[in-house]
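> Pasting the sequence and the predicted coordinates here, then a few questions.
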Amino acid sequence: MNKTNKKIIAQNKKAHHEYFIEDTYECGIVLVGTEIKSIRLGKVSINEAYCQVAKGEMYIEGMHISKYELGNIFNHDPDRKRKLLLHKREIIKLGNYVSREGYTLVPLSVYIENGKCKVELAVCKGKKLYDKRETLKEKHIKLEQQKNLKNY
């Protein structure tokens, strides 16, 4: 039996509110030096992060990994551009998605699975203000229904 050991480190909670999520991908990330130690401590933020295709490779920008406190002068740059590991056909497919109007690549979560750091990447389309209101209304109705069911 292949039991996966998945520990979520960071989530982009605003992504579900700001975007319609079309498709999700799991990809690896290239880390240097003490970055994995900082990630294991939970010192990572992906709230302002986005992904882009450049020269046939996928990169994540805006991902902040704090410096490792026990590191030395060879500590990493917290806001550097990091390469994501995907198959070539997936990169081409995602590049085609992004070239369409209104689509963007947003990281949903960073997690450690079987000792390896992974990023859950989503192809998203931006929501308009009225879409966001509709989503909030549906969420509120669902919560009210759950409360009413709980009372009976």
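Ah, there it is. Remember, predicted model here, so these are calculated numbers, not experimental data. Residues are numbered from 1 along each chain as shown.
> helix/strand/coil for G71?
Using DSSP: H, G, I helix; E, B strand; the rest coil, the three-state assignment for G71 comes out as coil.
> any idea how far it is from L31?
Distance, G71 to L31, by CB to CB, to the nearest Å: 13 Å. C-beta: built from backbone N, CA, C; applies to glycine.
> now do K139
Counting by CB to CB, the gap from K139 to L31 is 35 Å.
> what is the rounded mean pLDDT of stretch 143-152?
The pLDDT scores in stretch 143-152 average 84.
> If you count neighbours, what's buried in that stretch?
Of the residues in stretch 143-152, none has enough neighbours to count as buried (16 or more other CB atoms under 10 Å).
> CA atoms of that stretch as PDB?
Provided in PDB are the C-alpha atoms of stretch 143-152 (Å, rounded to 0.1, in the frame of the first residue of the first chain):
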ATOM      1  CA  LEU A 143     -24.200  28.100   6.400                       C
ATOM      2  CA  GLU A 144     -27.700  29.000   7.300                       C
ATOM      3  CA  GLN A 145     -29.000  25.600   6.000                       C
ATOM      4  CA  GLN A 146     -26.400  23.800   8.100                       C
ATOM      5  CA  LYS A 147     -27.300  25.900  11.200                       C
ATOM      6  CA  ASN A 148     -31.000  25.000  10.700                       C
ATOM      7  CA  LEU A 149     -30.300  21.300  10.200                       C
ATOM      8  CA  LYS A 150     -28.200  21.400  13.400                       C
ATOM      9  CA  ASN A 151     -31.100  22.800  15.400                       C
ATOM     10  CA  TYR A 152     -33.400  20.000  14.500                       C
END
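> Could you list every helix and strand that the worst-scoring helix or strand of the chain on mean pLDDT packs against?
Least confident helix or strand of the chain, by mean pLDDT, DSSP states H and E, is helix 15-18 with a mean of 80. Here helix 15-18 touches strand 116-126, helix 129-151, going by 3 or more CB pairs under 8 Å, 6 or more residues apart in numbering; DSSP states H and E.
> can you give me how far the next helix or strand after that helix is from the chain middle?
Under the assignment DSSP states H and E, the closest C-terminal helix or strand after helix 15-18 is strand 19-29. Centre-to-centre, strand 19-29 and its host chain are 7 Å apart (CA atoms, centre = their mean, to the nearest Å).
> same question, stretch 144-152
Between the centre of stretch 144-152 and the centre of its chain there are 33 Å (CA atoms, centre = their mean).
> Brilliant, that's me finished.
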